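1. Model the structure of this input:
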Amino acid sequence: MKYVLLVALLASFFLSACQPGNLGTSVGDQEIVSTSAPGIEGTLDARGFVEAVESAGATVGWEGEIEQPFFSVPGQVITINGESVQVFEYANVTQADAEAAQVAPDGSSIGTTMATWIGPPHFYRAENLIILYVGNDQTIIELFETVLGPQFAGADTSVESDFPSEPSPAILQIGEAEQVSGISGYCWKIPGEDHGICADGIGFGTSPEPLIVESPFVARFINQLSTPPDSLMLSVRTLEPEDKLPDEPGGLYWWRPQSKDQILENLAPPYEVELALDPGLYLFNYFAEWQEFGDVSYGFLVEVTPPAG
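-> From the prediction side, this is the model:
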């Protein structure tokens, strides 16, 4: 299998330092500063855009501000169903139109800035807004087309296959609680293609909010692809505060890649395992492998509390 190594995680999407705010399930009282788009009555500003996608059933979180060298105004970084989106709001339509005109039709450059993206870029316009999404989640793209209309620049959004061009996150289920994984690294190949992509993270990426559980418990791995992995290995290790890396790209927590107090389990369908762990913070790393199209390392954060009483 021939792979092309993805050596730059971003030249633009994370080019400027993102100042993270408090993560949440909605934008809440964060001041995301007010324009009309398909299906929207009145004007749609940044806050109105958030309200529109929430009304469509999406889950929105706020990450912070970002400054990009190719746009003259700072952007707001939000998450929509876990996908990072940048929203740039201008003082008037004329200013937004002028900056949008600098974006190449395929999104490969903005003015004199050449961009290297971690995924396919998509640029959308709505009056005073320019919205940038880097990724290939078809649900997000369809949502934006409903709320904003077609993209004005970016990668081709046509769907030629139901199979994703890069791996989707997995889910860890313990009791009634669930957590969406971080993806620490992968090598991925679309069936029928003669090449793929490999990408490595800076460590093990997890959600910043741990799953809180009492021991013993049953951990169930949920694969969001229609094809089950040919092999799945779970490793569990304890975490200390000093294991956390300072950088948090993508809104994840990243943990140093070192082994200690490790439990290894080879799992078979239905990918469940019963564990009895001492109280503490744990990294659950699932390594899934598909012979046909590659492998993925998924990370989860679990906190085991002392028994009640």
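
2. Okay, now the unreliable bits of the stretch 201-309 of the chain?
-> For the stretch 201-309 of the chain, the stretches flagged by pLDDT under 70 are 247-250, 259-261, 309.

3. quick one: the strands in it?
-> 204-206, 211-214, 217-222, 231-239, 253-255, 263-267, 272-275, 280-290, 294-305 (DSSP state E, counting those that start in this stretch).

4. Which stretch among those is buried most, on average?
-> Burial of the strands of the stretch 201-309 of the chain is given as mean neighbour count (mean count of other Cβ atoms under 10 Å); strand 204-206 ranks first at a mean of 28. To be clear about C-beta, it is placed using only N, CA and C from the backbone, and glycine gets the same treatment.

5. residue contacts, the closest residue to Arg237 other than its chain neighbours?
-> Excluding the flanking residues, the one nearest Arg237 by Cβ to Cβ, 6 or more residues apart in numbering is Gln262, at 4.7 Å. Gln262 makes contact with Ser235, Val236, Arg237 under the criterion Cβ atoms under 8 Å, 6 or more residues apart in numbering.

6. Kindly reformat these as a markdown table containing distance to Leu275.
-> Converted to a markdown table, the contacts of Gln262 look like this (distance: Cβ to Cβ, whole Å):
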| residue | distance to Leu275 |
| --- | --- |
| Ser235 | 12 |
| Val236 | 7 |
| Arg237 | 12 |
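
7. So for stretch 143-150, what gets flagged as buried?
-> For stretch 143-150, burial by neighbour count (16 or more other Cβ atoms under 10 Å) applies to Leu143, Phe144, Val147, Leu148.

8. The most centrally placed residue in the chain and Pro257, how far apart?
-> Centroid check for the chain by Cα atoms, centre = their mean gives Glu83 as the closest residue, at 4.2 Å. Per Cβ to Cβ, to the nearest Å, Glu83 is found 25 Å from Pro257.

9. Same check on Asn128?
-> For Asn128, the distance to Pro257 - Cβ to Cβ - is 44 Å.

10. again, but for Pro150
-> 42 Å.

11. One more: Ala276?
-> For Ala276, the distance to Pro257 (Cβ to Cβ) stands at 26 Å.

12. And those two? Which one has more around it.
-> Legend: neighbour count by other Cβ atoms under 10 Å for Ala276 and Pro257, higher for Pro257 (17 against 8).

13. Wait, that one touches Gly203, no?
-> Yes - if you go by Cβ atoms under 8 Å, Pro257 and Gly203 touch, sitting 5.2 Å apart.

14. any idea where the helices of the chain begin and end?
-> Counting by DSSP state H, the chain has helices at residues 46-55, 93-100, 138-148.

15. will you turn those into JSON lines that also has mean pLDDT?
-> Putting the helices of the chain into JSON lines (pLDDT from 0 to 100) gives the following:
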{"stretch": "helix 46-55", "mean pLDDT": "87"}
{"stretch": "helix 93-100", "mean pLDDT": "92"}
{"stretch": "helix 138-148", "mean pLDDT": "89"}
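
16. Let me have those helices in a markdown table, extended by distance to Gly196.
-> Formatted as a markdown table, the helices of the chain follow (distance: least, Cβ to Cβ, whole Å):
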| stretch | distance to Gly196 |
| --- | --- |
| helix 46-55 | 32 |
| helix 93-100 | 33 |
| helix 138-148 | 20 |
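
17. Glu209 is nearest to which of the ones you listed?
-> Among these, the nearest to Glu209 by Cβ to Cβ is helix 46-55 (19.9 Å).

18. Return the alpha-carbon coordinates of the closest one using PDB.
-> C-alpha atoms of helix 46-55 as PDB (Å, rounded to 0.1, in the frame of the first residue of the first chain):
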ATOM      1  CA  ALA A  46     -22.300  35.300  13.500                       C
ATOM      2  CA  ARG A  47     -24.700  34.700  16.400                       C
ATOM      3  CA  GLY A  48     -27.600  34.200  14.000                       C
ATOM      4  CA  PHE A  49     -25.600  31.700  12.000                       C
ATOM      5  CA  VAL A  50     -25.000  29.700  15.300                       C
ATOM      6  CA  GLU A  51     -28.700  29.900  16.100                       C
ATOM      7  CA  ALA A  52     -29.600  28.700  12.600                       C
ATOM      8  CA  VAL A  53     -27.400  25.600  12.700                       C
ATOM      9  CA  GLU A  54     -28.600  24.800  16.300                       C
ATOM     10  CA  SER A  55     -32.200  25.100  15.000                       C
END
